[in-house]
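[1] Coordinates for the following, if possible.
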Amino acid sequence: MSDFRPRRSALFLPASNARAIEKVRGLAADVVILDLEDAVSPDAKVDARAAAVAAAGEGFGARETVIRVNSLDTDWGADDLSAAGSSGADAVLVPKVRNAADVARYREAIGDKPLWLMIETCEALGRLQDIAEAGAAAFVLGVNDLALELGARRGADRGWLSPVQAMVLGAARSRGLVALDGVCNDFSDDVRLRAECEAAAAMGYDGKSLIHPRQIEVCNAAFSPSADELAWAIKVRDAFATSDRGVVQVEGKMVEALHLAQAERILRMAGE
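    Residues are numbered from 1 along each chain as shown. Okay, the predicted model is just below:
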């Protein structure tokens, strides 16, 4: 349990914005994603790369630091990967992965550093299992690019996304990968954000990527165990600790090894 890292909230920050980078040091995000891709204009990408490497070297305390690079197919991708791979970042996040061959290219470029993948292309949806087996550490759902490729209508609710979320989560869990839900674009709508977070948490996602600091509190609360969940998990853990049976009774119900695994995950999330 000591190796567990919470990833409830993963905040994207433009690596070109020094003020935002400094501000995040006082925020409660579990993961800081220094973005070199979508949030940075072409004329700022080289300077942003240097800023991301410097920020990653300084670190963000207990927060996990990730650098999102530009695709290898762009003018900046190769240099981004070389810089991020040798930086002090905990992981490198790569965009628009299509297949296992893409993963292999990125894997070779960054060496041993953990590789996180944006799942945001239609091709990737058809190759999720191969991608999960290709050597990544995490899947991050990219809802905006995926909606564009699918042709989802602007302003549509998230109904179209539920089967995609299940597919991505299933492939990730089959190989023990971290799974993060995609962003909520309307950072002023706490009701919508809370609903998205609670639905993803109920499904089993580890957390959610965010685009604005004001989303952190709602997100952390939704992905944290409730008091009732924590109390149940402690009872299950303690019941198995004092029994040599494969099935025990907790709160008038029979629980087995799979429930112990659920309880241990809740306890890890709560830092117990």
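
[2] Model confidence at residue 159, what's the number?
    Looking at residue 159, its pLDDT stands at 82.

[3] That one and residue 150, how far apart?
    As judged by Cβ to Cβ, to the nearest Å, residue 159 and residue 150 stand 13 Å apart. Quick note: C-beta positions are derived from backbone N, CA and C, even for glycine.

[4] Now do the buried residues in stretch 12-23.
    12-17, 20-21 (16 or more other Cβ atoms under 10 Å).

[5] correct me, but residue 106 touches residue 72?
    Yes. Proximity of residue 106 to residue 72 meets the contact threshold set by Cβ atoms under 8 Å, at 6.9 Å.

[6] The two: who's more crowded?
    residue 106 (25 against 17; other Cβ atoms under 10 Å).

[7] quick one: secondary structure of that one?
    Using DSSP: H, G, I helix; E, B strand; the rest coil, the structure places residue 106 in helix.

[8] Tell me who's in contact with it.
    72, 81, 92, 94, 97, 115 (Cβ atoms under 8 Å, 6 or more residues apart in numbering).

[9] Low-confidence stretches in the protein?
    Along the chain, the model assigns pLDDT under 70 to residues 1-3, 155-156, 272.

[10] circling back: which of residue 159 and residue 150 has more neighbours?
    Neighbours were counted for residue 159 and for residue 150 using other Cβ under 10 Å; residue 150 has more, 14 against 8.

[11] for the residue nearest the centre of the chain, which residues make a bridge with it?
    In the chain, the residue lying closest to the centroid (Cα atoms, centre = their mean) is residue 180, at 3.3 Å. Counting by DSSP bridges, residue 180 is bridged to residue 140, residue 207.

[12] coming back round to it: go through the contacts of residue 106 and flag which are in strands.
    Applying DSSP state E to the contacts of residue 106, the entries found in strands are 92, 94, 115.

[13] show me what contacts the closest residue to the last one other than its chain neighbours?
    So that's residue 115. Once flanking residues are discounted, residue 115 sits nearest to residue 136: 5.0 Å by Cβ to Cβ, 6 or more residues apart in numbering. Shown in contact with residue 136 (Cβ under 8 Å, 6+ apart): 103, 115-117, 177.

[14] now residue 136: how far from residue 119?
    From residue 136 to residue 119 the distance is 10 Å (Cβ to Cβ).

[15] Same check on residue 196?
    17 Å.

[16] That's all I had, so thanks and see you.
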